[in-house]
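Q: Using only what follows, build the 3D model:
(4 chains)
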Amino acid sequence: MKPDLSIVFANVKFKNPVLTASGTFGYGYELADLIPLEKLGGIITKTITLKPCDGNLQPRVAEVTSGILNSIGLQNIGIKSFIEEPLEKLKKLGVPVIVSIAGASVSEYVETAKILSCQNGISAIELNLSCPNLEKKIVCHDLSLVQNIIKEVKKISKIPVIAKLSPLVTDISELALAAENQGADGITLTNTYPAMAIDIKTFKSKLSTLKGGMSGACVKPMSIRCVYDAWQSISIPIIGCGGIMTGEDAVEFMLAGATAVSVGSSSLVSPINLIKIINEIEDIMIKKNILSIKNIIGMVNKNEKNNTCS
Amino acid sequence: MKPDLSIVFANVKFKNPVLTASGTFGYGYELADLIPLEKLGGIITKTITLKPCDGNLQPRVAEVTSGILNSIGLQNIGIKSFIEEPLEKLKKLGVPVIVSIAGASVSEYVETAKILSCQNGISAIELNLSCPNLEKKIVCHDLSLVQNIIKEVKKISKIPVIAKLSPLVTDISELALAAENQGADGITLTNTYPAMAIDIKTFKSKLSTLKGGMSGACVKPMSIRCVYDAWQSISIPIIGCGGIMTGEDAVEFMLAGATAVSVGSSSLVSPINLIKIINEIEDIMIKKNILSIKNIIGMVNKNEKNNTCS
Amino acid sequence: MFGKRDFSCGNILSISYFVVRAINSLSLNTRFSKFVFLVNEKVAYIYISKRFDGNYKIISNREVRAGYFELIVKIDNITRYCSPGQFFMISVPEVFLRRPISIHYVKKDSLSFLYKVVGKGTKILSKIQSGTLQLLGPLGNGYDFKNWEQSSYTVVAGGTGIASIYYLATKLTQNGILYYGARSERDLVCLDKFKKMNWKVIISTEDGSKGYKGYITDMLLKGLNDTTLLIACGPTPMLKKVIQIAKVKCIKGFVSLEEKMACGIGNCQSCAVKINGQIRMICKDGPVFRIEEVEL
Amino acid sequence: MFGKRDFSCGNILSISYFVVRAINSLSLNTRFSKFVFLVNEKVAYIYISKRFDGNYKIISNREVRAGYFELIVKIDNITRYCSPGQFFMISVPEVFLRRPISIHYVKKDSLSFLYKVVGKGTKILSKIQSGTLQLLGPLGNGYDFKNWEQSSYTVVAGGTGIASIYYLATKLTQNGILYYGARSERDLVCLDKFKKMNWKVIISTEDGSKGYKGYITDMLLKGLNDTTLLIACGPTPMLKKVIQIAKVKCIKGFVSLEEKMACGIGNCQSCAVKINGQIRMICKDGPVFRIEEVEL
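A: Here you go, the predicted model:
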């Protein structure tokens, strides 16, 4: 029997749990010649802001062991242009589209969400809460700001709102619970990990912004931990994100408590990995005799009792 | 001219900046047949507790991409036995010895430090603040507990006290500053990163304690970032730690602001790496015409001005 | 037939082949075309790639000069889509990202890449002697040859920029002058190839071990008299100087840019550059841009 | 001569060789000995290792049965320190940790390792056909042969436990009975070797494809009549059962244990086990322990 890969996330149905991660798949329609986009579970667009944004100076990326640092700086064409062209193309793919948005203040998030909310063909909004706020600190490092953004966006949004959280907080469960309490319909765990790499030849940072966000295979175990911890505290669903390179990695996130996954760095390396991951999940289900992928969500929590030491 | 690798850390002189990382080099004397211990900058012992500790159940380690998860559970013979045998052997090596200690409460830290403080041949105490507290939370996640431990240990210690901090906090600078304000003579950045790995065959965690601490090459860019951020906020010196596999990695930490480094996972893979790292640092100094390694500490901060974006 | 499991890399490729062969006479000017046909009575869209992601056999990978390697892979049916200035993303074991390497020359069923060992990735690549490599490409936009026939070319290459410049030279209908700068004599590669094509070559080395001692742009400044088209590929400081010279001398032309890139297909947005006041991606909108539009 | 730069892995090794050769007649019962001699009129301590970390040439690495590989490396002068039950930590490209693999047999100048491909590390290892590998060893404590001559042996091997059991068998002064359990007939290796030594072999497979269908411990329970020494190496559930049987039948002996380990030399403390109420490290204090002392 063909296993059922479909999931429901925040009342949106996805034919499989594999989504593109924000900022790693462009606006979402550009690679139609390289991979069959219609096979994807869903597409999360790059982060869109109210006004167009040029992004940061060069260099913007640096390779590290089993991963990548980036500091793109939210380069995008702005919400107005996004609606005119990319969104029109995205709608035609027949795949649920989640639009990632960011802003430097509550009002920027709200205004952007308002505009999107009037559009057809958008399944959900993902709030990128790891961008710099007006004081150049990561939004997620200011709990009351996070709470305000979610609360105010939820007030005006007609579509589900997903909060993408930064992993670098003392208590990820507290942050996840705060998102739930403000009405978020789901959360994405996690955004990139603050990191830095120094060029040993020039004695300078490898990024123009000095620090950047780390992603790739190297971060997976930390994001699995975040999903596992958050799952125990909240009842809204989780999109697991961080270093998913294979179907096994995706299943690992779902076992820890993710309802869906988003794949980022892996698709930068090779876009076809997105499709391979879907196929590999199906293979694992067949091998383990799992009829519906929904059945494994959070299974590791159910399988094990927490020991006392750590 | 032979470059000068010596550094001074918390008034202790080290002939080079390469120390063993706590918990990865046993009590410190056991590998005398495999590497010339007297060449090391210093030895940081495994963490010693007031009473002997059996540690956690199996399995205690899991390999991950470019790294390792562990959950040993502070297995050690207790401070009394440590003083009787390992410490006696350590004293004879002619290398500065830093003893790592931990406890479940302030009084356990203080009592252990008191006993050590009466001994000869110990250059400093390192406080492992990433172990579980009485409520099974990581000590570093309780700022006032961290402050109390440092303050009380400093009151009774006759030797320098170094606070080893957990990286998983919202603001590492705040934590580093708190350590400095309570009188710490230096800090170690960082301990392992909370993480988890799930076995895709059994659908269970790969560790008996479900979660563990991640170390290895995969964490380096995050620990570099921690050192860089903390350096800007404090004036006490930093031991950089996290994924140092080569002399280049060690120099990277020092450029970010570390005065010394401690090498852990790399020496588990190959103990001789400790000596190779020292030699490679010297090679870099010769190539870059650096007369004293002290000259590069924090150089990346001096080289660059912070851009506005991130 | 076009079920889910058919879409491995290899199969996309072969589907593309299949259809490409059938419509061989059509001119494909866009990045890809969409074709509609019926499979099991349902409409199926098949995109005809001009870029492909596949495993290709290594023919050779030998050191042509200390630290410089030439990799030749067997590639059928793709070479027709390659043009000078384009590049491939090449998978290298043990490193996370693919490496962008520009095309050095093209034969009917093989592709050549000339690269210098500069870091971990190229070092590992240089040690692979057989087997297959995963390559994504051809990528980016190469030189726009329209209305070039009347031109008198001056071509500037700095360092490994010579690799793609040679490919360009093989496609030009008439010879130009090559200004070629390198760090030292031992970094000069391909000189024999340009001589065989009877190009005039002006050389500079930073250490003076061959040709003029100094930067090639110093030499360029003295020349350029009859040049109507200036083409340059090399390190950014050299390109900055070339752009400045072109501006002063009012010469049009092209420059091929380089920046760190993670994906090579526009998704990671790492290789941004300002072109005519607009942010553009070197990998996707370039790497070749009009000299007068580039702001470095 | 013994300056800082001499202490690469290779040199430690060669220093050890040098001194070991000189003091060959001494009996080395401890893990290492310390020797003092003069270098440039200063006292130098040289530790004589019985364990070494070096690069060794691969002689062969071939599949002996589907999924099972035998790696043979050229090792001079170290084999004399090896004893049955000991293991080496073997570096494998692309994975972070070395892999502990027990010695399968020893010749004068080569070592053999028999391993099953079970994960990423062994898979990569199985594909290496030539070159060198970094090996640290011999490690751990093997079987203590003192006062064994009067014994009547029963040896139990489960799965790849057979690899080190064979090494043990080659060192025994008289033959014993081998109880050998595996998942299936295709997982039975080394049978020919035991037959060549004229051992009595009792086989079980979980799927019944050869020998008794079930666990080897079921068969063991029925035997053991004249046994005075019981030796076992295999998966933990099997060992648990063997220990239980030994207790019931009051037979002494040894078990060789296995756990995940990162370093193989006692530093990571991952492979802890309770022995006689005390925490011990399998890598350093074991892997062979007295059967009556093990608490699993």
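Q: residue contacts, residue A:120?
A: Contacts here follow C-beta atoms under 8 Å, 6 or more residues apart in numbering or on different chains; on that basis residue A:120 touches residue A:91. Every residue, glycine included, has its C-beta placed from N, CA and C.
Q: What of residue A:257?
A: A:227-228, A:230-232, A:238, A:240, A:297-298, A:300-301.
Q: which non-adjacent residue is nearest residue C:171?
A: residue C:84 (5.4 Å; C-beta to C-beta, 6 or more residues apart in numbering or on different chains).
Q: next one: residue A:127
A: Excluding the flanking residues, the one nearest residue A:127 by C-beta to C-beta, 6+ apart is residue A:163, at 5.0 Å.
Q: Pairing partners for the one you found in the sheet, please.
A: On the basis of DSSP bridges, residue A:163 takes part in beta bridges with residue A:127, residue A:187.
Q: Contacts only, for it.
A: By C-beta under 8 Å, 6+ apart, the contact list for residue A:163 reads A:126-127, A:129, A:146, A:150, A:179, A:184, A:186-188.
Q: hmm, which two among these are most spread apart?
A: Across the contacts of residue A:163, the longest distance by C-beta to C-beta is 14.8 Å; it joins A:146 and A:186.
Q: among the contacts of residue A:257, which are in strands?
A: Among the contacts of residue A:257, DSSP state E puts A:238, A:240 in strands.
Q: Out of the contacts of residue A:257, which end up buried?
A: A:227-228, A:230-231, A:238, A:240, A:297-298, A:300-301 (16 or more other C-beta atoms under 10 Å in any protein chain shown).
Q: All the helices of chain A, residue numbers only.
A: A:78-84, A:86-91, A:106-117, A:143-156, A:172-181, A:220-233, A:247-256, A:265-269, A:273-288, A:299-303 (DSSP state H).
Q: and the angle from the fourth one to helix A:106-117?
A: For the pair helix A:143-156 and helix A:106-117, the angle between their directions (axes from the mean of the first three to the mean of the last three C-alpha atoms, to 10 degrees) equals 30 degrees.
Q: what's the neighbour count on residue 274?
A: Picked chain A for this. Using other C-beta atoms under 10 Å in any protein chain shown, residue A:274 is surrounded by 26 other residues.
Q: my question was about chain C
A: Other residues near residue C:274 come to 13 when the count uses other C-beta under 10 Å.
Q: Report the beta-bridge partner residues of it.
A: For residue C:274, the beta-bridge assignment (DSSP bridges) gives partners residue C:279, residue C:295.
Q: isn't it right next to residue C:280, touching?
A: Yes - if you go by C-beta atoms under 8 Å, residue C:274 and residue C:280 touch, sitting 7.5 Å apart.
Q: of all the contacts of residue A:163, which comes closest to chain C?
A: Proximity of the contacts of residue A:163 to chain C (C-beta to the nearest C-beta) peaks at residue A:126, which lies at 17.0 Å.
Q: which residues sit in contact with that closest one?
A: By C-beta under 8 Å, 6+ apart, the residues touching residue A:126 are A:22, A:44, A:98-101, A:162-164, A:188.
Q: so where's chain C uncertain?
A: Chain C contains residues with pLDDT under 70 at C:1-49.
Q: mind listing the helices for chain C?
A: Using DSSP H, the helices of chain C run over residues C:9-22, C:120-126, C:162-171, C:191-196, C:216-222, C:236-249.
Q: Would you mind telling me which of the ones you listed is nearest residue C:102?
A: helix C:162-171 (3.9 Å).
Q: Buried ones in stretch C:172-189, by neighbour count?
A: C:172, C:176-182, C:187-189.
Q: Which ones among those map onto strands?
A: Of the buried residues of stretch C:172-189, the ones assigned to strands by DSSP E are C:177-182.
Q: that older thread, how about the helices of chain A in CSV, adding mean pLDDT and distance to residue C:96?
A: Rendered in CSV, the data for the helices of chain A read as follows (pLDDT from 0 to 100; distance: least, C-beta to C-beta, whole Å):
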stretch, mean pLDDT, distance to residue C:96
helix A:78-84, 96, 30
helix A:86-91, 94, 28
helix A:106-117, 96, 32
helix A:143-156, 96, 31
helix A:172-181, 97, 25
helix A:220-233, 97, 13
helix A:247-256, 98, 14
helix A:265-269, 94, 7
helix A:273-288, 97, 13
helix A:299-303, 81, 27
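Q: I figured the residue nearest to residue C:171 hits residue C:142, correct?
A: Yes - taking contacts as C-beta under 8 Å, residue C:84 lies within contact range of residue C:142: 5.0 Å.
Q: Give me the distance between residue C:152 and chain B.
A: Distance from residue C:152 to chain B, counting by C-beta to the nearest C-beta, to the nearest Å: 43 Å.
Q: swap that for residue C:204, please
A: Separation of residue C:204 from chain B (C-beta to the nearest C-beta): 26 Å.
Q: Now residue C:208. Its backbone dihedrals?
A: Main-chain dihedrals, residue C:208, degrees, to the nearest 10: phi 70, psi 10.
Q: what's the neighbour count on it?
A: For residue C:208, using other C-beta under 10 Å, the count is 12.
Q: which residues does it contact?
A: residue C:214.
Q: of the ones in strands among the buried residues of stretch C:172-189, closest to chain B?
A: Closest to chain B out of those is residue C:182 (21.9 Å), distances taken as C-beta to the nearest C-beta.
Q: how close does the spatially closest residue to residue C:229 that is not a sequence neighbour get to residue C:236?
A: Leaving aside its chain neighbours, residue C:229 sits nearest to residue C:151 (4.0 Å; criterion: C-beta to C-beta, 6+ apart). From residue C:151 over to residue C:236 the distance is 25 Å, taken as C-beta to C-beta, to the nearest Å.
Q: which of those two has more neighbours?
A: Remark: of residue C:151 and residue C:236, residue C:151 carries more neighbours, 18 against 15, as counted by other C-beta under 10 Å.
Q: that older thread, from the contacts of residue A:257, which is closest to residue B:88?
A: residue A:228 (43.5 Å).
Q: rewinding a little: pLDDT value on the residue nearest to residue A:127, please?
A: Looking at residue A:163, its pLDDT stands at 97.
Q: now do residue A:130
A: For residue A:130, pLDDT reads 89.
Q: What is the burial count for it?
A: 23.
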